[in-house]
Structure formats: structure tokens, C-alpha cells
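# here's a sequence, model it:
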Amino acid sequence: MSNTGSDYGLWSLVVLNSVVFIGFAYSFFKPLNLRDWRGFGAYSAFIVALFAEMYGFPLTIYLLSGWLGSKYPDVNLFGHEAGHLWWVLTGRHGDPHFSVLHLLSFAFIVAGFTLLSKAWHVLYHAQRAHALATSGPYQRVRHPQYIGFVAIMFGFLLQWPTLLTLGMFPVLVVMYVRLAIAEERDAEAAFGQAWRDYAAVTPRFIPRLSRHARARAADSH
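Residues are numbered from 1 along each chain as shown. Below is the predicted model:
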């Protein structure tokens with residue numbers, strides 16, 4: 001096991017990348033209330049934990065170094081490429097940045113930010129009009145903003161999994177589900193039957209892929 005050539009301890013990159021990705025998400029999400037800030041704060045904590053291990057101190061690599069060193073003796077565990085654990089664990093070598101998982105991770109991250117942007121645009125105008133958000137992404141699902149956050153975090157896990165972020169991910173997903181349910185109670189109290197009609201034909205998180213399925217759901221109500 002080679003431990004020379006450490007690519008960590010770059011705390012300025014931890015700060016820079018955290019600010020960029022948190023600020024980018026903030027520009028799309030713009031929390032308005034305590035519930036919004038909880039959802040955004042959870043995402044921000046995930047991002048900081050991710051980049052702290054990606055560029056600062058590789059806690060996961062350190063904790064697994066004994067096992068990884070015996071199983072992959074030719075891998076420089078404290079080189080940056082070893083942090084791409086899916087790449088290492090499948091016995092690959094060389095540059096992981098053009099692997100299928102890495103490219104797929106970018107697809108999830110871009111899709112997540114795109115969804116956040118489109119959802120916020122619709123939600124902003126709906127809130128100004130004191131109306132339900134039912135157009136754009138809200139035509140397909142009731143909580144596109146939370147789906148966007150989950151997609152971004154999942155994308156990062158595909159390229160750089162850590163013990164901390166892998167542990168955080170399911171906890172944050174459950175938290176987002178609970179926040180969504182709480183938002184629905186508030187929306188029903190505010191909009192009454194209009195909300196119930198919308199919720200009856202619009203899934204909470206998983207869109208109906210078929211137009212016919214959506215049409216049947218609308219006709220049944």
C-alpha cells in the first residue's frame with residue numbers, strides 16, 4: 001500500500017466548493033420559512049461533509065485503510081483517485097473521472113439543480129399570487145424541490161461515497177418526506193378542496209410516466 005503523495009489537507013478547496021454548491025442551490029431554492037431552512041440546511045450539511053472528506057481529511061479512507069490496503073496493495077489510498085470508492089472496490093485502476101458512474105453522477109447533479117430552478121420559478125409566482133403551484137414540475141409531482149435535493153446528493157454519492165454521507169443520506173431522505181407531509185397539511189388548511197383535488201391526481205414524489213395513467217387518475221376524481 002502506497003501512502004505517499006497525499007492529495008488532502010486542501011481546506012481552501014473545501015470552503016470554495018462548499019460555498020459554490022451551497023450558494024448555487026440557494027440561488028434556486030431561496031428558503032422563505034423555517035421549514036425551507038431546515039431542508040436547505042440538511043442539504044448544506046451533506047455538502048460540507050462531502051467536501052471535507054473529498055479535499056480535507058479522508059476519514060472514510062483512514063478508517064478503512066487496513067482493509068483497503070490488504071485488498072488493494074497497489075493503490076495509493078491517500079491519492080485523490082482512491083476516494084472514488086466505487087471505482088476502487090470494483091478493481092478498476094487509472095482515472096475514474098470518465099467512468100460510467102462518474103458521468104451518471106453528473107447527470108443526477110445537473111438534473112437536480114435544473115429541477116430546483118424550474119420548481120422555484122413556479123413556486124415563486126404561485127406564492128406571489130397566493131395560489132397553488134400546479135404548473136411546470138408541479139404538474140408531475142407535488143414536491144419537485146425535495147426530489148431535486150435528493151437527486152443532487154445521490155449524484156455526489158455515485159462519485160464520492162463516504163461513511164458519513166452514506167449514513168446521512170437515508171436520514172435526510174426521511175426528513176424530506178416528513179417535511180413534505182407537513183407542507184401538505186399546511187397547503188390543505190390554506191387551499192382546502194383545491195389542494196385535495198390537486199393531490200388526488202398528482203403523486204407526491206414518483207411521477208406517473210404514462211399520460212394515460214395521469215388521465216385515468218384525473219378522470220377517477
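
# so, low pLDDT: which residues of this protein?
Within the chain, the segments meeting pLDDT under 70 span 1-6, 92-94, 210-221.

# in it, which spans are helices?
Under the criterion DSSP state H, the chain contains helices at 11-29, 34-51, 59-71, 85-89, 100-128, 144-159, 163-191, 193-201, 211-219.

# list the helices and strands the shortest one packs on?
Helices and strands touching helix 85-89, by 3 or more C-beta pairs under 8 Å, 6 or more residues apart in numbering; DSSP states H and E, are helix 100-128. Quick note: C-beta positions are derived from backbone N, CA and C, even for glycine.

# just to revisit the earlier point, of all the helices of the chain, which gets the most neighbours per residue?
Ranked by average neighbour count under the criterion mean count of other C-beta atoms under 10 Å, the helices of the chain are headed by helix 144-159 at a mean of 23.

# from the contact counts, what lies against it?
helix 11-29, helix 34-51, helix 100-128, helix 163-191.

# next, the angle helix 163-191 makes with that helix.
Relative orientation of helix 144-159 versus helix 163-191 (axes from the mean of the first three to the mean of the last three C-alpha atoms, to 10 degrees): 170 degrees.

# how far is helix 144-159 from where the chain is centred?
A distance of 2 Å separates the centroid of the chain from that of helix 144-159, by C-alpha atoms, centre = their mean, to the nearest Å.

# again, but for stretch 166-181
From the chain centre to the centre of stretch 166-181 is a distance of 11 Å (C-alpha atoms, centre = their mean).

# put the alpha carbons of that stretch into PDB.
Provided in PDB are the C-alpha atoms of stretch 166-181 (Å, rounded to 0.1, in the frame of the first residue of the first chain):
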ATOM      1  CA  LEU A 166     -23.800   7.300   3.200                       C
ATOM      2  CA  GLY A 167     -25.200   7.400   6.700                       C
ATOM      3  CA  MET A 168     -26.700  10.900   6.300                       C
ATOM      4  CA  PHE A 169     -28.400  10.200   3.000                       C
ATOM      5  CA  PRO A 170     -31.300   7.900   4.200                       C
ATOM      6  CA  VAL A 171     -31.800  10.100   7.300                       C
ATOM      7  CA  LEU A 172     -32.100  13.200   5.100                       C
ATOM      8  CA  VAL A 173     -34.500  11.400   2.700                       C
ATOM      9  CA  VAL A 174     -36.800  10.600   5.600                       C
ATOM     10  CA  MET A 175     -36.500  14.200   6.800                       C
ATOM     11  CA  TYR A 176     -37.600  15.500   3.400                       C
ATOM     12  CA  VAL A 177     -40.500  13.100   3.400                       C
ATOM     13  CA  ARG A 178     -41.600  14.400   6.800                       C
ATOM     14  CA  LEU A 179     -41.200  18.000   5.700                       C
ATOM     15  CA  ALA A 180     -43.300  17.300   2.600                       C
ATOM     16  CA  ILE A 181     -46.100  15.800   4.600                       C
END
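
# what sits up against that stretch?
With C-beta atoms under 8 Å, 6 or more residues apart in numbering as the test, stretch 166-181 has contacts from 35, 38-39, 42-43, 45-46, 49, 142-143, 146, 149-150, 153-154, 157, 204-205.

# now stretch 101-119
The contact list for stretch 101-119 (C-beta under 8 Å, 6+ apart) reads 24-25, 28-29, 84, 86-87, 96, 133, 136-138, 144-145, 147-159.
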